[in-house]
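Participant: Can you look at this prediction? I've put the sequence above it.
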Amino acid sequence: MLNRRLKLGTFLGIGLYIHWSFGLMIAYIALSASGDGIVGILYSVAQLLGVYFCVTLHEYGHVLAARRFGIGAVDITLLPIGGVARLKSMPRIPWQELVVAVAGPAVNVVIVTLLLCGFLAFSNEALLYAFKGALTSAISGQGMDEQTLRTMETVLMRPSLTGYAMMLVGVNSMLVLFNMLPAFPMDGGRVFRSLLAMFLSYRRATWIASRAGLLCAAGMAFFALNSTPILWIPVLIAVFIGYAGLAEAKQVDTMESVRGLTVRQAMIPTNVSIPMDTPLAQIFRVWQSHPMHALPVVNDHGLVVGMLHLRDVKLAITTKQDVLTTASELVDRKHYLGPARIDEPLENAIQRGSRQVRQIPVVDPGGFLMGILDLDSMLMRAELATDDLLRRDSEASIEPEDLINGKMLTPPNLPERPNDFSHFDQTN
């Protein structure tokens with residue numbers, strides 16, 4: 001979803017992107033307002049931009065709060081259904097996650113407060129009276145009188161600075177209410193998860209919050225589909241909430257499974273690599289004897305400089321690139337986030353992976369290749385490594401008399417096993 005986007009710039013050290021489909025939304029808004037002339041079109045587009053400016057400030061609230069706890073942000077992307085701020089990790093301390101989750105809606109509360117203060121300071125008495133009447137009618141459920149209705153239509157339905165400000169008041173108020181729904185992974189769902197994590201394990205709290213999010217998403221979709229006309233935007237948001245919630249719950253489950261382990265325990269020890277000056281004509285031959293989908297590329301000193309994917313080699317051959325194209329020109333520069341250190345916590349290392357990156361090079365402190373971390377098999381390898389350590393500890397605790405008793409159970413007609421197993425290495 002976040003692959004095809006346009007970078008708007010870097011602000012406060014955080015890259016801000018906009019999804020390509022945002023252009024379709026602007027075109028739709030402009031087409032819908034075409035009957036009001038050029039002024040109506042510009043005003044409608046300005047309203048849309050104002051809404052997403054507030055959404056952007058909302059997301060910056062999250063990332064700046066996370067920065068206070070030493071957690072960096074990857075980027076912020078604006079989508080037709082809202083904004084997404086990607087943090088490098090979520091705070092594990094429940095109260096810190098609570099602060100980060102609430103920071104976004106808090107920004108919208110500040111925006112509403114400032115706009116209302118400006119409205120009260122600069123509006124005339126008639127407009128204030130009409131606004132008070134409209135607010136009273138909305139709370140009580142009674143209809144507005146004719147004069148109030150006419151005044152509010154004039155302010156809200158026609159291009160004006162006051163109408164623009166009141167539109168932003170309504171939008172920001174809705175952002176606060178909507179985001180605080182306990183629909184994980186939205187802000188309210190994260191608040192719910194953080195409160196649960198104060199009493200339950202992080203994994204269990206995430207599981208409960210994600211299921212509560214599914215219920216909220218199902219309710220939202222049911223309401224939207226049974227409306228007249230059908231509200232498709234809420235349906236899309238509900239689908240996004242359900243998918244994103246389950247995906248993050250799965251990610252947390254994986255992270256909790258590898259907590260306490262190091263890269264060394266889950267990596268595949270290997271020194272197979274491709275020199276950076278290897279031409280395309282020779283690169284593909286490496287995969288004839290190697291099962292990995294990606295291999296490290298090293299420089300003349302043996303230091304890892306990137307990863308080369310089989311798919312990129314195939315693409316280069318299919319598009320008939322020059323056979324003298326070197327490995328350094330084909331490395332993945334878009335998704336590669338650097339190697340993992342051999343003694344690095346596994347939970348940190350796997351965050352370099354993605355759907356496009358499933359193999360990560362492992363290096364020693366000097367930057368030399370030690371192995372490859374395969375994200376598709378690391379859990380099984382980590383479990384085997386843990387079981388092996390437990391088995392060794394168990395064998396080390398066996399008393400000598402137990403070993404003697406074990407030998408007594410050996411059938412006498414079998415030859416004694418040699419103590420030196422080095423001959424097995426010679427046959428492999």
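Facilitator: Perfect, thanks for sending it.
Participant: helix/strand/coil for residue 92?
Facilitator: coil (DSSP: H, G, I helix; E, B strand; the rest coil).
Participant: Excluding chain neighbours, what is closest to it?
Facilitator: residue 202 (6.6 Å; C-beta to C-beta, 6 or more residues apart in numbering). No exception for glycine: its C-beta is placed from N, CA and C like everyone else's.
Participant: how about the spatially most central residue of the chain, what does it touch?
Facilitator: Central residue of the chain (C-alpha atoms, centre = their mean): residue 86, 5.1 Å from the mean position. Shown in contact with residue 86 (C-beta atoms under 8 Å, 6 or more residues apart in numbering): 2, 73, 74, 75, 76, 77.
Participant: got those as JSON lines, with pLDDT and secondary structure columns?
Facilitator: Shown next, in JSON lines, are those (pLDDT from 0 to 100; DSSP: H, G, I helix; E, B strand; the rest coil):
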{"residue": "2", "pLDDT": "54", "secondary structure": "coil"}
{"residue": "73", "pLDDT": "90", "secondary structure": "strand"}
{"residue": "74", "pLDDT": "87", "secondary structure": "strand"}
{"residue": "75", "pLDDT": "91", "secondary structure": "strand"}
{"residue": "76", "pLDDT": "94", "secondary structure": "strand"}
{"residue": "77", "pLDDT": "93", "secondary structure": "strand"}
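Participant: and of these, the nearest to residue 17?
Facilitator: Taking C-beta to C-beta as the measure, residue 77 is the one of the contacts of residue 86 closest to residue 17, at 4.5 Å.
Participant: who's in contact with that closest one?
Facilitator: 2, 5, 17, 18, 19, 83, 84, 86.
Participant: now with 10 Å?
Facilitator: For residue 77, the contacting residues are 1-2, 5-8, 15-19, 22, 59, 83-86, by C-beta atoms under 10 Å, 6 or more residues apart in numbering.
Participant: In three-state terms, label the closest residue to it other than its chain neighbours for me.
Facilitator: Nearest non-adjacent residue to residue 77, counting by C-beta to C-beta, 6+ apart: residue 17, 4.5 Å away. Secondary structure, three-state DSSP: residue 17 is strand.
Participant: Could you measure from residue 17 over to residue 59?
Facilitator: 11 Å (C-beta to C-beta, to the nearest Å).
Participant: so what sits against both of these two?
Facilitator: Common neighbours of residue 17 and residue 59 (C-beta under 10 Å, 6+ apart) are 75, 76, 77, 78, 84.
Participant: Got the domain ranges for this protein?
Facilitator: 5-180, 192-259, 263-380 (automatic domain parsing).
Participant: was I right about residue 361 contacting residue 332?
Facilitator: No. With contact defined as C-beta atoms under 10 Å, residue 361 does not count as touching residue 332 (11.4 Å).
Participant: So which of those two has more stuff around it?
Facilitator: Neighbour count, other C-beta atoms under 10 Å: between residue 361 and residue 332, residue 361 has more, with 27 against 17.
Participant: give me the low-pLDDT residue ranges for the stretch 151-300 of the chain?
Facilitator: 152-153, 155-156 (pLDDT under 70).
Participant: Can you show me the helices along it?
Facilitator: Assignment of helices within the stretch 151-300 of the chain using DSSP state H, counting those that start in this stretch yields the ranges 161-179, 187-197, 202-225, 232-258, 263-266, 280-286.
Participant: Report all helices and strands that the second one contacts.
Facilitator: Spelled out, it's helix 187-197. Here helix 187-197 touches helix 37-68, helix 94-122, helix 161-179, helix 202-225, helix 232-258, going by 3 or more C-beta pairs under 10 Å, 6 or more residues apart in numbering; DSSP states H and E.
Participant: Mind giving me the packing neighbours of the second one?
Facilitator: Using 3+ C-beta pairs under 10 Å, 6+ apart as the contact criterion, the secondary-structure elements in contact with helix 94-122 are helix 37-68, strand 82-87, helix 125-140, helix 161-179, helix 187-197, helix 202-225.
Participant: out of the ones you listed, deepest packed?
Facilitator: Mean neighbours per residue, mean count of other C-beta atoms under 10 Å, is largest over the helices and strands packed on helix 94-122 for helix 187-197, with a mean of 24.
Participant: what angle separates that one from helix 202-225?
Facilitator: 150 degrees (axes from the mean of the first three to the mean of the last three C-alpha atoms, to 10 degrees).
Participant: tilt between helix 187-197 and helix 161-179?
Facilitator: Using the same axes, to 10 degrees: helix 187-197 against helix 161-179 is 30 degrees.
Participant: my read: residue 364 touches residue 342, true?
Facilitator: Yes. At 5.6 Å, residue 364 counts as touching residue 342 under the criterion of C-beta under 10 Å.
Participant: Spit out the residues that contact those two alike.
Facilitator: With C-beta under 10 Å, 6+ apart, residue 364 and residue 342 have common neighbours 370, 371.
Participant: between the two, which one's more packed in?
Facilitator: Neighbours were counted for residue 364 and for residue 342 using other C-beta under 10 Å; residue 342 has more, 19 against 13.
Participant: Can you tell me how far that one is from residue 274?
Facilitator: 20 Å.
Participant: Check residue 298 too.
Facilitator: Noted for residue 298: a distance of 7 Å to residue 274, by C-beta to C-beta.
Participant: any residues in contact with both of these two?
Facilitator: Common neighbours of residue 298 and residue 274 (C-beta under 10 Å, 6+ apart) are 306, 327, 328.
Participant: Could you pull out the strands in the stretch 251-400 of the chain for me?
Facilitator: Using DSSP state E, counting those that start in this stretch, the strands of the stretch 251-400 of the chain run over 268-269, 274-275, 294-298, 304-309, 340-341, 359-363, 369-374.
Participant: Starting from the first one, tell me which strands it pairs with and how they run.
Facilitator: If I follow you right, that is strand 268-269. When pairing is defined by DSSP bridges, strand 268-269 lines up against strand 369-374 (antiparallel).
Participant: give the contact list for the closest residue to residue 14 other than its chain neighbours.
Facilitator: Nearest non-adjacent residue to residue 14, counting by C-beta to C-beta, 6+ apart: residue 73, 5.0 Å away. Residue 73 is in contact with 12-15, 59-60, 62-64, 66-67, 85-88, counting by C-beta under 10 Å, 6+ apart.
Participant: cool, residue 262 as well?
Facilitator: Residue 262 sits next to 340, 341, 342, 343, 344, 345, 346, 347, 348, 349, 382, 385 when contact means C-beta under 10 Å, 6+ apart.
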